Every structure is written in structure tokens, then in C-alpha cells.
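A.B. asks: sequence unknown, structure follows:
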């Protein structure tokens, strides 16, 4: 394999590792799983705004944390990985229709916020007596907050690091 074919694999492995590491802080305070989730690692979802090749590293990070982190279960892996993959695939389908990076980032925030219904559904399936709508509200709001806070950070980092060039 040439370096140009290996590079995306290595970069995506690093993204997956960063996702897991960035989950560890919130996990220590029980804020990485459950009805309220403040995974700082969700900011890495914005990498797909710059280049769709990052999708695999992001989704791999979600799956790894959901498989081995607090609350690990097959349902967590399926719903968490599925929610991320779905939102990122819709992003890559719609993003080319938007002219600016900021428009694509706003779309990304909205897609991840709305798609938290999958996580709320999983939580209500796994926990008896937990109502869907309040759970959806708390997961969506926490996702909205973390994705909104990390958007300008990722935008600023891109101005220095040029994410699209890193994985190509």
C-alpha cells in the first residue's frame, strides 16, 4: 500500500482514539451516557464537515466507547453507532448543497440534535419507567449544547490545521 492509501486509515484510527479519550473525562462524572450526555468528543463530529473521510474514525470511536465504556451493551453500540453514522451520512449528502463551512456546521449541529431520538429510544428500551419525550429532550439539549460549543473550536482549529488536507 502506498502512503496515500494508508494515511486515511491512520488518521481515522487517531480520530477514534481521540473520541474515546475525550469521553473519559465526562464518563468520570457519569456525563457520557444516559439521559444527559456531555461528551466533549461529539465535537469531533464536525470533522466530517471538512472531509467525509473522517466518518469512519468518528463512528469507530463511538462504537469503541459504547462497547467498552460505562453502560456498554450491544444496544448501546447499535444505537450509538447507528445514530452517528446516520447523522454523518445525511450530512455528507446535504452538505455539498450549502455554500459555507458555517452553514454545514449548523446543519451538523441540527442533524445530531434531532437524531438523538435514537439514543432516547434506546434508553427507554433499556430502562423501565423512563419516558421517551423527557429523555429525548434532555439528550437533544445536551447534544445541541456540546455541538454548538465545539463548532467554533473546530472551525478555529481547521484554520490552523486544515483538516481536509490532513486526511487526503
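C.D. replies: Everything's here; your move. These numbers were taken from a predicted model, which means no experiment stands behind them.
A.B. asks: now do the end-to-end distance for stretch 158-168.
C.D. replies: 14 Å (CA to CA, to the nearest Å).
A.B. asks: please renumber so the chain begins at 34
C.D. replies: Will do, 34 is the new start, and the previous item becomes stretch 191-201.
A.B. asks: in that stretch, what counts as buried?
C.D. replies: 191, 196, 199-200 (16 or more other CB atoms under 10 Å). C-beta: built from backbone N, CA, C; applies to glycine.
A.B. asks: which of those fall in helices?
C.D. replies: 191, 196, 199-200 (DSSP state H).
A.B. asks: got JSON lines for the buried residues of stretch 191-201, with pLDDT too?
C.D. replies: Formatted as JSON lines, the buried residues of stretch 191-201 follow (pLDDT from 0 to 100):
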{"residue": "191", "pLDDT": "98"}
{"residue": "196", "pLDDT": "97"}
{"residue": "199", "pLDDT": "93"}
{"residue": "200", "pLDDT": "93"}
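A.B. asks: just put those residues in a markdown table and tack on distance to residue 174.
C.D. replies: Shown next, in a markdown table, are the buried residues of stretch 191-201 (distance: CB to CB, whole Å):
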| residue | distance to residue 174 |
| --- | --- |
| 191 | 26 |
| 196 | 27 |
| 199 | 32 |
| 200 | 31 |
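A.B. asks: ok, those residues vs residue 86, which is closest?
C.D. replies: Distance to residue 86 across the buried residues of stretch 191-201 (CB to CB) is lowest for residue 200, with 4.7 Å.
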